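Asks: how would this look folded up:
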Amino acid sequence: MIQTETERQFYLGAAGIRLWYARDALPGAAASPDFEFGSDEADGVAEPWVEAAPAPSRPQPKTAPPTPGRSDG
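Replies: Residues are numbered from 1 along each chain as shown. Okay, here's the model as predicted:
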């Protein structure tokens, strides 16, 4: 479960979801909660997101190198 607003923003960014904030309060909208960012989160430096490359679903066939001196034509 996501514990902090910073963590939520990190996961949304990692998923490719752009964050959007209204410039002004929207008419009829409830007031937004005040988020308190901890001192370790205030520097804004997060560890880079590294995702392992997925393994191929099936092995690719290996092709033999062309034989020297032989032409295909």
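Asks: what does stretch 19-34 rub up against?
Replies: 9, 12-13 (CB atoms under 8 Å, 6 or more residues apart in numbering). C-beta: built from backbone N, CA, C; applies to glycine.
Asks: just the buried residues of those residues.
Replies: Buried members of those, scored by 16 or more other CB atoms under 10 Å, are residue 9.
Asks: format the contacts of stretch 19-34 as TSV; extra columns: distance to residue 28, secondary structure and pLDDT.
Replies: Shown next, in TSV, are the contacts of stretch 19-34 (distance: CB to CB, whole Å; DSSP: H, G, I helix; E, B strand; the rest coil; pLDDT from 0 to 100):
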residue	distance to residue 28	secondary structure	pLDDT
9	25	helix	86
12	25	helix	90
13	29	helix	90
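Asks: turn the contacts of stretch 19-34 into TSV, including distance to residue 22.
Replies: Shown next, in TSV, are the contacts of stretch 19-34 (distance: CB to CB, whole Å):
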residue	distance to residue 22
9	16
12	16
13	19
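Asks: residue 14 and residue 7, how far apart?
Replies: According to CB to CB, to the nearest Å, residue 14 stands 11 Å off from residue 7.
Asks: typed the wrong thing, it's residue 64
Replies: Per CB to CB, residue 64 is found 51 Å from residue 7.
Asks: what number of residues lie near residue 18?
Replies: 6 (other CB atoms under 10 Å).
Asks: so how far is residue 57 from it?
Replies: Distance from residue 18 to residue 57, by CB to CB: 31 Å.
Asks: with residue 9 instead?
Replies: Applying CB to CB, the value for residue 9 to residue 57 is 33 Å.
Asks: likewise for residue 69?
Replies: 38 Å.
Asks: repeat for residue 28
Replies: Distance, residue 28 to residue 57, by CB to CB: 50 Å.
Asks: one more: residue 8?
Replies: From residue 8 to residue 57 the distance is 32 Å (CB to CB).
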